[in-house]
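Engineer: Can you look at this prediction? I've put the sequence above it.
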Amino acid sequence: MKTCHRFASLREEYEREIGYLSAHSRRHAGRPSAKASAKHATTTKGRMARALSGHVERCLECG
């Protein structure tokens, strides 16, 4: 699938955020903040999927 620059930057942004949240969760394992970060990472994965699929539907270059 060929994608545009905006798709790539949007994906990188979400993956970076997911990486930060996952790393925080691993670093602080056993604490309530770790559980919250893991939950936010899961939620962010869903938001990324929605954002990228919406982008593909609207973008002339990607769709």
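Structural biologist: Happy to help now that I have it. Numbers count the residues shown, from 1 in each chain.

Engineer: What distance do you get for Gly19 to Arg47?
Structural biologist: If you measure Gly19 against Arg47 using CB to CB, to the nearest Å, the figure is 15 Å. Where C-beta positions appear, they are placed from N, C-alpha and C, glycine not excepted.

Engineer: in the helix or strand harbouring Met48, what counts as buried?
Structural biologist: Secondary structure assigned from DSSP states H and E places Met48 in helix 32-58. By neighbour count with 16 or more other CB atoms under 10 Å, helix 32-58 contains the buried residues Ala34, Ser37, Ala38, His40, Ala41, Thr44, Lys45, Met48, Leu52, His55.

Engineer: Point out the other helices and strands that it packs with.
Structural biologist: Counting contacts by 3 or more CB pairs under 8 Å, 6 or more residues apart in numbering; DSSP states H and E, helix 32-58 packs against helix 5-27.

Engineer: model confidence over the helix it packs on, on average?
Structural biologist: Per-residue pLDDT values over helix 5-27 give a mean of 96.

Engineer: Report the distance from that helix to the chain centre.
Structural biologist: Offset of helix 5-27 from its chain centre (CA atoms, centre = their mean, to the nearest Å): 5 Å.

Engineer: got it, and stretch 44-62?
Structural biologist: Its chain's average C-alpha position is 11 Å from that of stretch 44-62, according to CA atoms, centre = their mean.
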